[in-house]
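Enquirer: Based on what follows, work out the 3D shape:
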Amino acid sequence: MTSGVGAPTRASISARTLRTDRWWLPPLLTNLGLFAFVAYATVRSFMGKWYWVEDYGYLTPFYSPCLSESCLPGSSHFGTPLPELPGWIPLGFVALPFLLGFRLTCYYYRKAYYRSVWQSPPACAVAEPHASYSGETRLPLIVQNAHRYFFYVALLVSVVNTYDAVVALTHGLGVGNLVLLTNVVLLWAYTLSCHSCRHIAGGRLKHFSKHPVRYRAWTLVSKLNVHHMRLAWTTLGTLVLTDLYVMLVASGAISDLRIF
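Expert: Numbering: from 1, shown residues only. Prediction:
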């Protein structure tokens, strides 16, 4: 190695690290958390059932928007411009790739899986196993530069999810409505706390005093941005819980508690 910890100017230490604490625990927990979500989301996306509760208008976010003729009657809030799909294509395939791209290129998630999955590096003062580093200048990491474009699509999907939650309210109010609304609010918080949103709000401005509206927006987004990591994990949890609740109600495993 001619760079990093193996550079000629660095101290020659054969041990990977001199740390004696449990530095490996955060990367391990991150790996387990990401793996659990990916496994659940993959299974549910390809399951093709128990995603729509007709009586209460509940539609899981994993299947929204549902635009195929394969969708259950009533679950296609924006029509069915697409024909029936083979079983190997998820019904929510229109939004899922962009949402996956938005999460994968997110600044926080980059930090999370760079350290945990790629171990680059896994922790402070712990040598990484890679002999070289090319940065985000070539495939596949150059795709990280498309984050701002994934952000625009994520905004549209958030609008769609909000519409789904509002449509469900026309059937009355139940626990499922509260679950859907909570998920939507947190998804908006995560999306708007994105670094790209912060840049759009106030980036490239030389004089904040000349742009009071954008400065105010930048200030609000900056306050939200502080919680971006917490929101990134929280929304993974609320997505799973929302989908799980809709699935249990749709399958008849539980009954939705109606408020009115």
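Enquirer: drop to CA atoms for contacts and neighbour counts, all remaining ones
Expert: OK.
Enquirer: can you give me the strands for the protein?
Expert: Using DSSP state E, the strands found in the chain span residues 52-53, 58-59.
Enquirer: check contacts around the most centrally placed residue in the chain.
Expert: When the chain is reduced to its mean C-alpha position, the nearest residue by Cα atoms, centre = their mean turns out to be Arg103, at 4.3 Å. Arg103 makes contact with Tyr109 under the criterion Cα atoms under 8 Å, 6 or more residues apart in numbering.
Enquirer: How about Asn31?
Expert: Going by Cα under 8 Å, 6+ apart, the list of residues near Asn31 reads 113, 116-117.
Enquirer: Filter the residues you listed down to the ones in helices?
Expert: Applying DSSP state H to the contacts of Asn31, the entries found in helices are 113, 116.
Enquirer: Show me which of the contacts of Asn31 is closest to Trp218.
Expert: Nearest to Trp218 among the contacts of Asn31: Tyr113, at 27.6 Å, using Cα to Cα.
Enquirer: just for the protein, where's the confidence low?
Expert: Per-residue confidence of the chain (counting by pLDDT under 70) places the weak regions at 1-14.
Enquirer: mind putting the strands of the chain in JSON lines, mean neighbour count and distance to Leu28 included?
Expert: As requested, the strands of the chain are exported to JSON lines (neighbours: other Cα atoms under 10 Å; distance: least, Cα to Cα, whole Å):
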{"stretch": "strand 52-53", "mean neighbour count": "23", "distance to Leu28": "35"}
{"stretch": "strand 58-59", "mean neighbour count": "30", "distance to Leu28": "33"}
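Enquirer: Compare the ones you listed and give me the one nearest Pro26.
Expert: Each of the strands of the chain has some distance to Pro26 by Cα to Cα; the shortest is strand 58-59, at 34.3 Å.
Enquirer: Fine by me, thanks again.
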